[in-house]
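S.K.: structure, please.
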Amino acid sequence: MRVAIVSDTHLPRGDRVVPDACLERCRAADAILHAGDFVDVATLDLFEALGPPLHAVHGNVDGPAVRARLPEAREVELGGARIGMVHIPGPAEDRAARLRRRFPACAAVVFGHTHLPEHTELGGGFQVFNPGSPTERRRAPGHTMGLATITAGVVRFELVALD
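M.R.: Okay, the predicted model is just below:
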């Protein structure tokens, strides 16, 4: 199973758009995970219309219409792996261990908010992953998204540079 992973799209904002390379990978995936901060319901609708099932959480800057449609946190079952999702992961110190405690039944947790790509693995195969942002890099070196390959319940994350 191939999963496209996105966060922090922050649209609309000026003339920014989701890069075609990101949209193409999302369309080709078996599922899409979005870790929040769509901002506007039109951006949520865009990702829902791409084809694969969208699993998403709301972020701290999402408007009321987005918040009404999405939970703050969730767990999804994909390819035999349980994946937790949340926008704000809390402080960097002990982040992976804290997320493991929050989502004890999950093999991995996908989060956003920081705009900085991150992939941390703990013992027992548990992982946390932040795909960065395809539209607003902030302090990150470039615009990014993630892909995950899930085989027999094992998740392999990959960061994709969009610049």
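S.K.: which stretches of this structure form helices?
M.R.: Here the chain has its helices, by DSSP state H, at 20-28, 41-48, 64-69, 95-102.
S.K.: just checking, what packs against the second one?
M.R.: Applying 3 or more Cβ pairs under 8 Å, 6 or more residues apart in numbering; DSSP states H and E, one finds that helix 41-48 makes contact with strand 54-56, helix 64-69. For glycine as for every other residue, the C-beta is placed from the backbone atoms N, C-alpha and C.
S.K.: how about the last one: buried residues?
M.R.: In this case it means helix 64-69. Val66 (16 or more other Cβ atoms under 10 Å).
S.K.: before we move on, back to that, format the helices of the chain as TSV; extra columns: mean pLDDT and distance to Ser7.
M.R.: Output for these, formatted as TSV (pLDDT from 0 to 100; distance: least, Cβ to Cβ, whole Å):
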stretch	mean pLDDT	distance to Ser7
helix 20-28	98	11
helix 41-48	96	11
helix 64-69	97	13
helix 95-102	96	14
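S.K.: distance to Val155 added to those helices, as CSV?
M.R.: Supplementary listing: the helices of the chain in CSV, determined by distance: least, Cβ to Cβ, whole Å:
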stretch, distance to Val155
helix 20-28, 17
helix 41-48, 21
helix 64-69, 26
helix 95-102, 14
